[in-house]
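Q: For reference, the sequence and a predicted model appear below.
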Amino acid sequence: MNITHAEAFFTSTQTTEVAIRNSEILTQNRADDAGVGFRVAVAGNKVGFACTNTLSEKAVLEAGEKAWAIARVSSEVPNFVLPDAVRIRKVGGLYDARVTGVSVEDAVDVAKRTIDAAEGFDKRVIAKEGRVMFMFGWRGVVNTLGVDCEEQETRTMLYLYGGGEQNGEVTSSCSDITLKRTADLNPEMVGENVAKKVISMFKPKPIESFQGTVVFGPEAVSYQLCDVLVDALKGENVVAGRSAWARKVGETVASENLTITDNATLENGFASRSFDDEGTPSQSTVAIRKGKLENFLHNATTANALKTKNTGNASRFPGGLDMVRMIVGNGYRAKPEVYPSNLIIQPGNGSKETLLAEMDKGVLVEYMGGFAQAGSGMISAQLSQAFYVQNGEIQHPIKGGMISGVAFDWFKQISGIGNDLKQFLNSVVPSLRVENVKIIGA
Amino acid sequence: MFESLEKCLQTRTASQANLVQLRGQKRTITTCTVKNGVVEEFSNVSLNGVSVRVFVDGKSWGFSSTNTFDSEGVERTLINAIKLAKASSKLKKQRIRLAPVKPAAADFVLNVKKPLRGFSAEDIVKIPLEANRGAKEAGQQVAEAKATYIGIEDDKYFLSSEGTKIHQNTARAVLYMDVIAKSNNTICPASESLGHTGGMELFDKTSPQSLGKTVAQKAVRLLNVKAPPSGKFRVVVHPTLCATLLHEAIGHPLEADLAMSGGGFGNQVGRLVSSKLVTIYDDGRVQGGLGYFPYDDEGVECKRTVLIENGVLRSFMHDRTSAALANVSPTGNAHAWDYSVEPLIRQTNIGIEAGNYAEEEMIEDVKEGLFLEGTFGGQADVNADFTFGFQSAKRIKHGKLAEEMRGANVAGNAIEVFKTIDTVGKEAVLRPGACGKFQFAIQGRVVPAIRCEIIVGGMGE
């Protein structure tokens, strides 16, 4: 069977990491990895994938042949296409040469300063777990339709989980993360942020069950709430009719104050890129404008299936909890799927405090455990870092308890959006205030 | 593989370290996902490489990995590792002790009835296709059926400057089945998996077709039932959900690294920490368990470790570092997902010893409660606070199972929940599991049903 389409995607990375554990530097790691993944399609749009990180000519040829052999026994992928070659405009701020010059000693210093900042802020704080990462590498894709692009990039990350102890009382852990493209991590800020969160968690009290207002902090938004958005916006889910918003383009799906954009061209954005992982040029796509659904996110195949524009959202570094992805890894090890680059919720005017000040009775959720249910958007999450709010003021941290509801309903009940934008792996989001949420006391 | 590792150990650079551990790996993963009868992803992933872990100045670790494994590449990686280790040794005041181990030599090849290697791409694709056909038999309301086959073949090579030399060959096969049933605006998911350390004989007992059908029938059934209530209930937890609860919320706090960072079980060895009916162990030698390992990634032999005995905390799961701190022998729990990452303290096959009760007996004296079944996973922190999804429930009324209900979440503190256990089922089942503690792992769980009190976050009345 003849090959109709073929594509090679390759990455090469050098990553230096320093791990923090229990107030100490635990270990220093460096990982060098490089590999290539082939997608091969034969007549009838049957597609196979194989990859290798052994970069001898023999091993690479073998991988290509395995992809071909797999394609022959595979079944048709309806509407399968690869993107055509289009001129690519470089996105700025994705590479900082200084990152390549960072030594292990520098990384250790960042880790040490983070611990000191957290524990120096208040004696009750313990830096429990953290990581400093400096990565540089490149990524490229070529296909039989003439796509041939590559890009260098740097990524840096610092996160810390901290806990508190006072007279035998142990707080649940609180974290802060900073994700950047430059070598300028700010360990003092991260350490201090974690410490402030930790000391606010002492003496939690249980609450009664009630229906009330909830302010979700950026971290809570970036996690479960964004997962629900991604699930509804992903091209594959729309094509399969699985997205809750599948037939709702043009309809109001959220409160009027909600505007959401996927922007892969955001300068310095952690998930920005000049081209997606199939080689389609990056763009900015409005998904929801003032509560109205405008666009879904697509790669070449899902856009072809719906005869709509490819939004350049093919990703080989998707989030989520797909078992195959977790087992094989990402990058050259995986075929692309639709995933947001930087999913941006347009910020409001007021601070989080302003959002709280207008509240009668409710809860501030900075972090919640658990997952949203795929498809339905149902969330029932444990309140692991949450505060009871009354008459516009935080009263006390909450012990135990859950909130539950359907995120798609919550999006329609948004009564306020904060100006406290924060960058996460695939999102840039502020605090959201939602009315009429079911809060379950412990 | 051993040749380039041995060469590296003999270099002058290697002698700068107190300890050098070299790990080589050749891994092939085949994954095949079929969704609604269409092969959605069929991949062959070949990952090979070497890592070097060094311990220097009696107080500092360095770890470096590479995707090359010629002698030159390995030695370059060793140099990196030493540089990394030295970088923090000046900052470290405390010396680290490692629990001593006897040098081991082993060449282990897993005895497999139907080796994965003997199955062609054509044979493999039939497995998830057949599971899909099974699911479709459950009727029109099956909106989505997704079956994923994963086969992992490993050759792992461990060599240390203490004289340990171990080769381990293993194979693992797993089949995940996820179904979504739909009618009008109602969506109901259900899922289940099969998995073991071994070959394709995995499907001799349960065929892919019957797995697909069972899961799909459940999803369809749930379309026509109500959501469960919310509040605190006396519940019987089926092994499928008990496995998640045990692993996430009890297992993790029993890992020495998490326990020593002030987790829920810290400093309580010898004390009563759970119901007296509960005995919990971890055992890397459970035949067929997905967490079956003859040796861990520090070259320590895996064995059965009793963690909680009749409610009393006996031991944590240890690596060589934590074992030395606790003055005990290492328990064989230092595992790395692959060559490219450092070993961490991980569960292998964690289990609860079976009790005396049949399922009916666990239900018969519950006046008002719930029977919770299936898992959608979830999460827990080191203090054992958890949230997990269950797939379905049945109401228990006056000692009898009443109507079926949909899934929702349970939450609480597992240590507190386990104190409320008042009966343990008499049949412990071996189940496949997975974990994402900093790096991925696939593991086994050996679990009976338990009866306890738990908070349910349902949306019904």
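A: Nice, I can see it.

Q: How about stretch A:138-154, which residues are buried there?
A: Buried residues in stretch A:138-154, counted by 16 or more other CB atoms under 10 Å in any protein chain shown: A:139, A:140, A:141, A:142, A:143, A:145, A:147, A:149, A:151, A:153, A:154. (Each C-beta comes from the backbone N, C-alpha and C, glycine too.)

Q: Compute the distance between the closest residue to the last one other than its chain neighbours and residue A:13, please.
A: Excluding the flanking residues, the one nearest residue A:154 by CB to CB, 6 or more residues apart in numbering or on different chains is residue A:99, at 3.8 Å. When distances are taken as CB to CB, to the nearest Å, residue A:99 and residue A:13 turn out to be 12 Å apart.

Q: so what sits against both of these two?
A: A:135, A:136 (CB atoms under 8 Å, 6 or more residues apart in numbering or on different chains).

Q: elements contacting the helix-or-strand element of chain B with minimal mean pLDDT?
A: None of the helices or strands of chain B scores lower by mean pLDDT, DSSP states H and E than strand B:378-380, at a mean of 78. Helices and strands touching strand B:378-380, as assessed by 3 or more CB pairs under 8 Å, 6 or more residues apart in numbering or on different chains; DSSP states H and E, comprise strand A:361-369, strand B:385-397.

Q: re earlier: of the buried residues of stretch A:138-154, which belong to strands?
A: In strands, judged by DSSP state E, the following of the buried residues of stretch A:138-154 are found: A:139, A:140, A:141, A:142, A:143, A:149, A:151, A:153, A:154.

Q: mind putting the residues you listed in a markdown table, pLDDT included?
A: Shown next, in a markdown table, are these (pLDDT from 0 to 100):
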| residue | pLDDT |
| --- | --- |
| A:139 | 97 |
| A:140 | 98 |
| A:141 | 98 |
| A:142 | 98 |
| A:143 | 98 |
| A:149 | 97 |
| A:151 | 97 |
| A:153 | 97 |
| A:154 | 98 |
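
Q: List just the nearest of those residues to chain B.
A: Set against chain B, the nearest of these by CB to the nearest CB is residue A:139 (15.8 Å).

Q: Which helix or which strand is home to the residue nearest to the closest one when sequence neighbours are not counted?
A: Leaving aside its sequence neighbours, residue A:139 sits nearest to residue A:11 (CB to CB, 6+ apart; 4.9 Å). Using DSSP states H and E, residue A:11 maps to strand A:3-21.

Q: by contact count, what packs against that strand?
A: strand A:24-42, helix A:57-73, helix A:104-121, strand A:125-143.

Q: How far away from the center of its chain is it?
A: Distance of strand A:3-21 from the chain centroid (CA atoms, centre = their mean, to the nearest Å) equals 17 Å.

Q: now stretch A:167-184
A: The answer for stretch A:167-184 is 17 Å, by CA atoms, centre = their mean.

Q: Then stretch B:358-373?
A: 28 Å.

Q: Straight-line length of that stretch, end to end?
A: 16 Å (CA to CA, to the nearest Å).

Q: Which residues does it contact?
A: With CB under 8 Å, 6+ apart as the test, stretch B:358-373 has contacts from B:228, B:233-238, B:240-241, B:390-401, B:405, B:410, B:423, B:425-426, B:449, B:451, B:454, B:456.

Q: These in strands, which ones?
A: Using DSSP E, the contacts of stretch B:358-373 in strands are B:233-237, B:390-397, B:400-401, B:405, B:410, B:423, B:451, B:454, B:456.
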